[in-house]
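Participant: fold the following for me, if possible:
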Amino acid sequence: MCTAGAQACPPEDCGGVSGYQELRTALADPAHPEHHECLAWAGADFDPAAFPAPEITSRLRRVR
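Facilitator: Model prediction:
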């Protein structure tokens, strides 16, 4: 059971730690030159601050 955590995991193929940081920077700033491109790539529902503990618990239970 997942009881706590912080922030979302990086999306697949985001370019590692530095790529994920660049993605977060672009998503957070609508004036960033790559904002719209990154938003389209990551998806409008991607929230780097989200941590869905109930969803993670559900996934963990399926692994058993």
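Participant: how about the helices of this structure, start to end?
Facilitator: 16-28, 35-42, 53-63 (DSSP state H).
Participant: pLDDT at residue 44, what is it?
Facilitator: Residue 44 is assigned a predicted lDDT (pLDDT) of 88.
Participant: nope, residue 2 is what I was after
Facilitator: 89.
Participant: please apply the same query to the one 4 residues further on.
Facilitator: The predicted local distance difference test score for residue 6 is 91.
Participant: quick one, what contacts it?
Facilitator: The contact partners of residue 6, taken as CB atoms under 8 Å, 6 or more residues apart in numbering, are residue 51. In this view, the C-beta of every residue, glycine as well, is placed from N, C-alpha and C.
Participant: do you know how far it is from residue 40?
Facilitator: 26 Å (CB to CB, to the nearest Å).
Participant: using CSV, lay out the helices of the chain together with distance to residue 10.
Facilitator: Rendered in CSV, the data for the helices of the chain read as follows (distance: least, CB to CB, whole Å):
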stretch, distance to residue 10
helix 16-28, 4
helix 35-42, 10
helix 53-63, 15
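Participant: comparing those helices, which yields the minimum mean pLDDT?
Facilitator: Lowest mean pLDDT of the helices of the chain: helix 53-63, a mean of 91.
Participant: distance between it and the chain's centre?
Facilitator: Averaged C-alpha coordinates place helix 53-63 at 17 Å from its chain's average position (CA atoms, centre = their mean, to the nearest Å).
Participant: i'd like the first residue to be 15 from this point on
Facilitator: OK, 15 is where the count begins now, so the last one is helix 67-77.
Participant: isn't residue 41 up against residue 51?
Facilitator: No. If you go by CB atoms under 8 Å, residue 41 and residue 51 don't touch, sitting 10.4 Å apart.
Participant: who has more neighbours out of these two?
Facilitator: residue 41 (18 against 11; other CB atoms under 10 Å).
Participant: mind checking how far the more buried one is from residue 56?
Facilitator: 7 Å.
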